[in-house]
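1. with the input below, show me the fold.
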Amino acid sequence: MSTTTTSHTPEFEGPGRSGRLIQNEATTEIPVHLLFRDEPSPVPVPLKPAVVGRRRGTGEQPRLRGPAPVRNRPAPRADPELVERPARVLPGAAGVLAGVCGAAGCAAVSWWAGVLPRAALEALRLPAYAGTGLGPAQWAACAGAGAVGLFGFGGLTRGRTGRALVVGLFGRYRGTVRRTGLMWVNPLLLRRRVDVRLRHWRSEPMPAVDGGGVALRVVVLAVWRVRDTARAVLGVDDHETYLRECVEAALARVPVETPGAAAGAAEAAGEALTRLVAADAAPVGLEVYSVQPVRVEYAPEVAAAMHRRRVAALDAQNRASMLTSVVDSVEDTVTRLTVRGLVELDDYERKALVKDLTVAFCVGRAEPGR
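-> Reported below is the predicted structural model:
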């Protein structure tokens, strides 16, 4: 037993109309026993919102996928392999000894070949030796002794207090030298000097805003030092420029109050600046101790607008005080004239007299020197 269902309203048949209102409809035969079958409710399946294109001719607007949740940007991380480590160096006496030995070897080979000048023989108190000249053996010995001498003297360097040497070989980091005094470093290594002392940097006027969004110009004093020389030299192109840009970025995020603001606002701004700059500079081996605004002033355009406002306020105040003084003077003059009986005035004459006196007093006070 089956029935036929359609997706439209019941059909109306008549002598002059067709049997179906919708000609392109599709019908489906469903068994009757399935209509009364108890079936469990369908399990809802969560669907992700997707972009559905608009079907042409339907007027339907496309449905857009909801915005993705905003996630915090991860903090910058340094290369874990780029960490400062001590480089291998020798005492300066070893380099001096190697250089002296090389020079002595060259002199000995020259004496052996018989090419040592007579003046050198007399200075060194060596007996004259008639050698066979510079042959292959003599050239090889002289080259070896010269290489030892150059290698010994060429590696001598002096370490200073508060300075470090970052050395590398063929683009690879080989270590950092923090020793002081005379020492010997492999002359084949590329050396870069780094200042590791406590330093301070005073910025130029930088743009900033206060709590109300008013444009300011702020001069910042940063106290810092290089903690990890490998990251400071090899992690960025220029660590001083990087620090300057970190300070400028922190000023864009932290409102700086003017000196006339509430007590403690400047200290709070300095603590916030120090915290942000220290977090941004730590991955490149910089240790920031303090970032404090030392001079806060309004931006030129804001200062000009405030100056015009102050001038207008002072001008209005002066005009109000002058008008009050003129009115008091006119009132006092008219009262004295009428009380003493010097003149008898009706309302029209009184108004005319007040007008003339007001104009006269205003013109007199407006003249310079009064």
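
2. make sure residue 96 is actually in contact with residue 156.
-> Yes - here residue 96 lies in contact with residue 156, judged by C-beta atoms under 8 Å, at a distance of 7.0 Å. C-beta here means a position set from N, CA and C on the backbone, and glycine is covered the same way.

3. and residue 193, which of the three is it?
-> Assigned by DSSP: H, G, I helix; E, B strand; the rest coil, the conformation of residue 193 is strand.

4. what's the burial count for it?
-> 15 (other C-beta atoms under 10 Å).

5. then residue 101?
-> Number of residues near residue 101 (other C-beta under 10 Å) recorded here: 14.

6. check for me that it belongs to a helix.
-> Yes - according to three-state DSSP, residue 101 belongs to a helix.

7. could you check the pLDDT of it?
-> The score at residue 101 is 92. That number is its pLDDT.

8. so who does it touch?
-> 145, 148-149, 152 (C-beta atoms under 8 Å, 6 or more residues apart in numbering).

9. can you check residue 106 too?
-> Neighbouring residues of residue 106 by C-beta under 8 Å, 6+ apart: 142, 145-146, 149.

10. so where do the helices sit in the stretch 201-350 of the chain?
-> Applying DSSP state H, counting those that start in this stretch to the stretch 201-350 of the chain gives helices spanning 229-234, 239-253, 265-281, 300-339, 347-366.

11. got those helices as a markdown table, with mean neighbour count columns?
-> Output for the helices of the stretch 201-350 of the chain, formatted as a markdown table (neighbours: other C-beta atoms under 10 Å):
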| stretch | mean neighbour count |
| --- | --- |
| helix 229-234 | 22 |
| helix 239-253 | 17 |
| helix 265-281 | 18 |
| helix 300-339 | 12 |
| helix 347-366 | 12 |
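
12. would you list these in TSV and tack on mean pLDDT and distance to residue 209?
-> Formatted as TSV, these follow (pLDDT from 0 to 100; distance: least, C-beta to C-beta, whole Å):
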stretch	mean pLDDT	distance to residue 209
helix 229-234	93	31
helix 239-253	93	8
helix 265-281	91	11
helix 300-339	78	10
helix 347-366	77	42
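
13. how about JSON lines for these, with distance to residue 222 added?
-> Output for the helices of the stretch 201-350 of the chain, formatted as JSON lines (distance: least, C-beta to C-beta, whole Å):
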{"stretch": "helix 229-234", "distance to residue 222": "15"}
{"stretch": "helix 239-253", "distance to residue 222": "6"}
{"stretch": "helix 265-281", "distance to residue 222": "7"}
{"stretch": "helix 300-339", "distance to residue 222": "24"}
{"stretch": "helix 347-366", "distance to residue 222": "55"}
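
14. any low-confidence regions in the stretch 101-250 of the chain?
-> Across the stretch 101-250 of the chain, the ranges flagged by pLDDT under 70 are 116, 118, 120-133.

15. just checking, residue 301 touches residue 215?
-> Yes - judged on C-beta under 8 Å, residue 301 makes contact with residue 215 at a distance of 7.1 Å.

16. quick one: residue 165 is in a helix?
-> No - under three-state DSSP, residue 165 falls outside any helix and is assigned strand.

17. pull the number of nearby residues for it.
-> Neighbours of residue 165 (other C-beta under 10 Å): 22.

18. repeat that for residue 346.
-> When counting by other C-beta under 10 Å, one arrives at 7 neighbours for residue 346.

19. could you check the pLDDT of it?
-> 77.

20. who's in contact with it?
-> Contacts of residue 346 (C-beta under 8 Å, 6+ apart): none.

21. phi and psi next, for it.
-> Backbone geometry at residue 346, expressed as degrees, to the nearest 10, gives phi -90, psi -170.

22. OK, contacts around the spatially closest residue to residue 152 that is not a sequence neighbour?
-> Excluding the flanking residues, the one nearest residue 152 by C-beta to C-beta, 6 or more residues apart in numbering is residue 98, at 2.8 Å. Applying C-beta under 8 Å, 6+ apart, we find residue 98 in contact with 148-149, 151-153, 184.

23. strands - which of those residues land there?
-> Among those, the ones falling in strands (DSSP state E) are residue 184.

24. export the contacts of residue 101 to JSON lines and tack on distance to residue 233 and neighbour count?
-> Shown next, in JSON lines, are the contacts of residue 101 (distance: C-beta to C-beta, whole Å; neighbours: other C-beta atoms under 10 Å):
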{"residue": "145", "distance to residue 233": "36", "neighbour count": "20"}
{"residue": "148", "distance to residue 233": "31", "neighbour count": "19"}
{"residue": "149", "distance to residue 233": "31", "neighbour count": "19"}
{"residue": "152", "distance to residue 233": "27", "neighbour count": "21"}
